[in-house]
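1. this one's sequence-less:
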């Protein structure tokens, strides 16, 4: 008796009517407003499709306020302090760009080096002192962070130094 009820003509019917897409609205473009002013840095969702609410569609930012993210070995990052001088080089333009360390992220991440060695790295966030309009989001750069500075320092080539019993020596 129970078998007949389940397998017979009995069907489950929804209590609510099925949601329908209004054809008048579905065929029209929808305006999407940004919560902030800026320029489109990256289009994340390039294809036309239905997306759930909250899905990122574009990244918007102010190119004049871009941050420089510098990956540093965690053993070196402990010597970096907010306010340290940063020099951005090899960015594609002439000369080095001056900046300052804004913050050091509190957590390290593991990255495999080109030699296959796992290294712990920390992101150092810096701001450029003068915005460079030709430098954009996710550009490749080389950076130098100045952690100490001294006047009147003797500079010698590494090949002129050697390690002895009493520490470092030099060729005369």
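-> Yep, it's here. What you are looking at is a predicted structure, and each value in this text was computed from that prediction instead of being measured. Numbering: from 1, shown residues only.
2. drop to CA atoms for contacts and neighbour counts, all remaining ones
-> Fine.
3. quick check: which ranges of this structure have low pLDDT?
-> For the chain, applying pLDDT under 70 flags the ranges 1-27, 169-172.
4. could you pull out the strands for it?
-> 39-43, 58-61, 67-73, 85-89, 97-104, 109-112, 118-128, 142-146, 161-164, 167-170 (DSSP state E).
5. quick one: closest of these to residue 31.
-> strand 58-61 (13.5 Å; Cα to Cα).
6. same for that closest one, what does it pack against?
-> With contacts taken as 3 or more Cα pairs under 8 Å, 6 or more residues apart in numbering; DSSP states H and E, strand 58-61 sits against strand 39-43.
7. can you say which of the strands of the chain is nearest to residue 134?
-> Nearest of the strands of the chain (Cα to Cα): strand 97-104, 11.9 Å.
8. if we can go back for a sec, I'd like the strands of the chain as CSV, with distance to residue 30 and mean neighbour count appended.
-> Below are those laid out as CSV (distance: least, Cα to Cα, whole Å; neighbours: other Cα atoms under 10 Å):
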stretch, distance to residue 30, mean neighbour count
strand 39-43, 16, 13
strand 58-61, 15, 15
strand 67-73, 32, 19
strand 85-89, 41, 19
strand 97-104, 39, 19
strand 109-112, 40, 13
strand 118-128, 36, 19
strand 142-146, 42, 17
strand 161-164, 69, 10
strand 167-170, 70, 10
